[in-house]
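Peer 1: I would like to see how this sequence folds:
(one chain, ligands or ions: 2)
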Amino acid sequence: MTEPFVTELEDALRAVVGATHVLVDGDLRAPYETDWTRRFTGRARCVVRPGDTGEVAAVVRACAAAGAPIVVQGGNTGLVGAGVPAGGEVLVSLARLDRVEPVDAVEAQVTVDAGVTLERLQGHARAAGLDFGVDLAARSAATVGGMVATNAGGIRVLRYGSMRAQVAGLEAVLADGTVLARLGGLAKDNTGYDLTQLLAGSEGTLAVVTRVRLRLVPLLPARAVALVAVAGTDGALDLLAAARELPALSAAEVFYPDGLDLVRSYARLPAPFGEPAGAYVVLECAARTDPTDGVLEILAGCDAVVDATVASDRAGLDRLWSYREAHTEAIGAAGVPTKLDVCVPLGELSAFVAELPGAVAAVAPAARAIVFGHLNEGNLHVNVLDAGERAEEVTDAVLRLVAAHRGSISSEHGVGRAKAPWLPLSRTPQEIEAMRRIKAALDPAGLLNPGVLLPA
Ligand code: MLT
Ligand code: ZN
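Peer 2: Ligands and ions are numbered 1, 2, ... in the order given. Purely as a prediction, here's the structure:
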């Protein structure tokens, strides 16, 4: 590619979004070029920050005319390297797409721009007496567009499902700049291919999501959280089985002593119990009236409970949740983790957790795997620290162990660049070929997020 050609595209982009929103200087590009974990980094040709859907479409058209590949970025909280450049792409940041429409209380829906953060969406819904069903620790930075693109999950999937279940419609820009809009939010609409659900979870490979019509849920003001010590994974599963009797159950999370130690020293938290335990479960119930009695009843009747502490006031809820929610930051402070987000059938969970350290040690003896996650879905976040140069081997070993236990190599973070080579462990050749045909039909030149999701 020659210099005059580069200048031509940049000039075209400046004409669309204004000169201040085309970043070419290394210092200005840098915050966009490395992911949150610091594991994935690449140089962008430039960063473009369109301000609305029309500008996104014009940016995509200009890139298509120049044959320039694009990587799309929301809040840059992704964990599989799908939102940062591999090298040389135009990085399209959607941060300036930040409008929220008034809540439609009759439909219990709202339309928001892709760059709106989860925290802002939650505040907007709550101000209207409703709530948003997906919640996750990165709420202050994660954006709606990225959450749709990755089909994000989080801590309330048990009750409300993943991001796909919240999406009633969306607007997106195709690889040739065409705008698809389906924001009506009808509860029943049986008129052919469900393009909205196709684009949700497509990781920016089929289109750029610019606006989303989202379902909202009732606002439940009364919460109770229990932090429970159990002997190990089997005990955690016994407790989960008992807790499922609670209609108000909204979260069931698991973590282990090594993760607790990291969190305690990072967040300066006291030991939650007098004695260490084999595993810890966070249960949360949410309802219109205080659900504490139901939680206490379940804990009293469950033999798996070794110790427990329960809170229903705001400070107590935050304190107990912090033992779980500080895991990501505490692990990030300890090093650059190889982050693997996997799903294992509940019947295989104990065996998987028991076999994991051996599988990691076999390829990286100095590494340690910190495990935590969303117990109800069998969604474990395997964070391997100190893998050094052996990150690929560790990834291979862990994902093969997942496949041996009939699991999925990605539960809620997506495939991205990090796991694309291992997609055949979770999808058949026929499925991958069908995905390739869809990709080729919507993005024939392969300009949207190249290298993401589909193996080379
Ligand atoms: C979480 O559940 O906290 C997130 O998926 C983030 C992570 O895995 O680090
Ligand atoms: Zn998670």
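
Peer 1: got the contact list for the residue lying closest to Ala403 once chain neighbours are set aside?
Peer 2: Counting by CB to CB, 6 or more residues apart in numbering, Leu425 is the residue found nearest to Ala403 once chain neighbours are left out, at 4.3 Å. Placement of C-beta: from N, CA and C, glycine included. Contacts here follow CB atoms under 8 Å, 6 or more residues apart in numbering; on that basis Leu425 touches 399-400, 402-403, 409.

Peer 1: swap the cut-off to 10 Å and go again
Peer 2: 396, 399-400, 402-404, 407-409, 419 (CB atoms under 10 Å, 6 or more residues apart in numbering).

Peer 1: before we move on, what about Ile432?
Peer 2: By CB under 10 Å, 6+ apart, the contact set of Ile432 is 423-424, 426, 453-455.

Peer 1: ok so it is a helix residue?
Peer 2: Yes - according to DSSP: H, G, I helix; E, B strand; the rest coil, the state of Ile432 is that of a helix.

Peer 1: show me the contacts for the nearest residue to Arg406 once chain neighbours are set aside.
Peer 2: Distance criterion CB to CB, 6+ apart; nearest residue to Arg406, sequence neighbours excluded, is Pro345 at 5.7 Å. Residues near Pro345 by CB under 10 Å, 6+ apart: 352, 378, 405-408.

Peer 1: for these, which one is nearest Ala141?
Peer 2: Ser408 (25.7 Å; CB to CB).

Peer 1: so is the helix or strand where Cys285 lies next to ligand 1?
Peer 2: Remark: Cys285 resides in strand 279-287, with elements defined by DSSP states H and E. No - contact between strand 279-287 and ligand 1, assessed by CB under 6 Å from any ligand atom, is absent, since the two come no nearer than 11.4 Å.

Peer 1: and the end-to-end length of stretch 406-420?
Peer 2: Terminal residues of stretch 406-420 are spaced 18 Å apart (CA to CA, to the nearest Å).

Peer 1: again with stretch 251-262
Peer 2: With CA to CA as the measure, stretch 251-262 spans 22 Å from end to end.

Peer 1: what's the answer for stretch 285-295, then?
Peer 2: Distance between the boundary residues of stretch 285-295 (CA to CA) amounts to 8 Å.

Peer 1: mean confidence for stretch 405-417?
Peer 2: When the per-residue pLDDT values of stretch 405-417 are averaged, the result is 98.

Peer 1: please identify which residue in the stretch 151-300 of the chain comes closest to ligand 1.
Peer 2: Distances from the stretch 151-300 of the chain to ligand 1, computed as CB to the nearest ligand atom, single out Gly154 as the nearest residue at 6.3 Å.

Peer 1: picking up where we left off before, what about the residue nearest to Arg406, distance to Ser408?
Peer 2: 10 Å (CB to CB, to the nearest Å).

Peer 1: okay, and the common contacts of those two?
Peer 2: In the contact map built from CB under 10 Å, 6+ apart, the residues linked to both Pro345 and Ser408 are Gly378.

Peer 1: hang on, Val209 in a helix?
Peer 2: No - counting by three-state DSSP, Val209 falls outside a helix, being strand.

Peer 1: distance of it from Gly67?
Peer 2: 23 Å.

Peer 1: give me the neighbour count for the closest residue to ligand 1 within the stretch 101-250 of the chain.
Peer 2: Proximity of the stretch 101-250 of the chain to ligand 1 (CB to the nearest ligand atom) peaks at Ala137, 4.5 Å away. Counted with other CB atoms under 10 Å, the neighbours of Ala137 add up to 17.

Peer 1: pretty sure it sits against Gly332.
Peer 2: No - under the criterion of CB atoms under 10 Å, Ala137 lies out of contact with Gly332, with a separation of 11.5 Å.

Peer 1: pull up the overlap in contacts between these two.
Peer 2: With contacts defined as CB under 10 Å, 6+ apart, no residue is adjacent to both Ala137 and Gly332.

Peer 1: what packs against the lowest-mean-pLDDT helix or strand in the chain?
Peer 2: Sorting the helices and strands of the chain by mean pLDDT, DSSP states H and E puts helix 3-17 at the bottom, at a mean of 84. With contacts defined as 3 or more CB pairs under 10 Å, 6 or more residues apart in numbering; DSSP states H and E, the secondary structure elements packing on helix 3-17 are strand 22-23, strand 46-48, helix 53-66, strand 90-93.

Peer 1: the contacts of Ile432 also near ligand 1: which ones?
Peer 2: Near ligand 1, judged by CB under 6 Å from any ligand atom, there are no entries from these.

Peer 1: compare those residues and tell me which is most surrounded.
Peer 2: Neighbour counts for those were taken using other CB under 10 Å; the highest belongs to Leu453, with 24 neighbours.

Peer 1: from ligand 1, how far off is that residue?
Peer 2: Separation of Leu453 from ligand 1 (CB to the nearest ligand atom, to the nearest Å): 18 Å.

Peer 1: how about the contacts made by that residue?
Peer 2: Listed by CB under 10 Å, 6+ apart, the contact partners of Leu453 are 80, 82, 201-206, 410, 414-417, 419-420, 423, 432, 435, 439.

Peer 1: do a quick rundown of the strands in the stretch 201-350 of the chain.
Peer 2: 207-215, 217-218, 222-230, 249-255, 279-287, 305-311, 338-343 (DSSP state E, counting those that start in this stretch).

Peer 1: what angle do the fifth one and strand 249-255 make?
Peer 2: With axes from the mean of the first three to the mean of the last three CA atoms, to 10 degrees as the basis, strand 279-287 and strand 249-255 are set at 170 degrees to each other.

Peer 1: what does the chain have sitting close to ligand 1?
Peer 2: For the chain, the contact set with ligand 1 under CB under 6 Å from any ligand atom comprises 136-137, 328, 341, 381.

Peer 1: got a quick PyMOL command for the buried subset of the residues you listed?
Peer 2: Buried members of the residues of the chain next to ligand 1, identified by 16 or more other CB atoms under 10 Å, are gathered into one PyMOL selection as follows:
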select buried, resi 136+137+328+341+381
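
Peer 1: now the residues of the chain next to ligand 1 as CSV including pLDDT?
Peer 2: Output for those, formatted as CSV (pLDDT from 0 to 100):
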residue, pLDDT
Leu136, 96
Ala137, 93
Thr328, 97
Asp341, 98
His381, 98
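
Peer 1: what's the farthest-apart pair in the residues of the chain next to ligand 1?
Peer 2: With distances taken as CB to CB, the most widely separated pair in those is Ala137 and Asp341, at 13.2 Å.

Peer 1: ok now stretch 256-276, how far from the chain's centre?
Peer 2: In terms of CA atoms, centre = their mean, to the nearest Å, the gap separating the centre of stretch 256-276 from the centre of its chain is 25 Å.

Peer 1: first vs last residue of it, how far apart are they?
Peer 2: 10 Å.

Peer 1: poorly predicted segments of the stretch 151-300 of the chain, please.
Peer 2: Scanning the stretch 151-300 of the chain for pLDDT under 70 picks out nothing.
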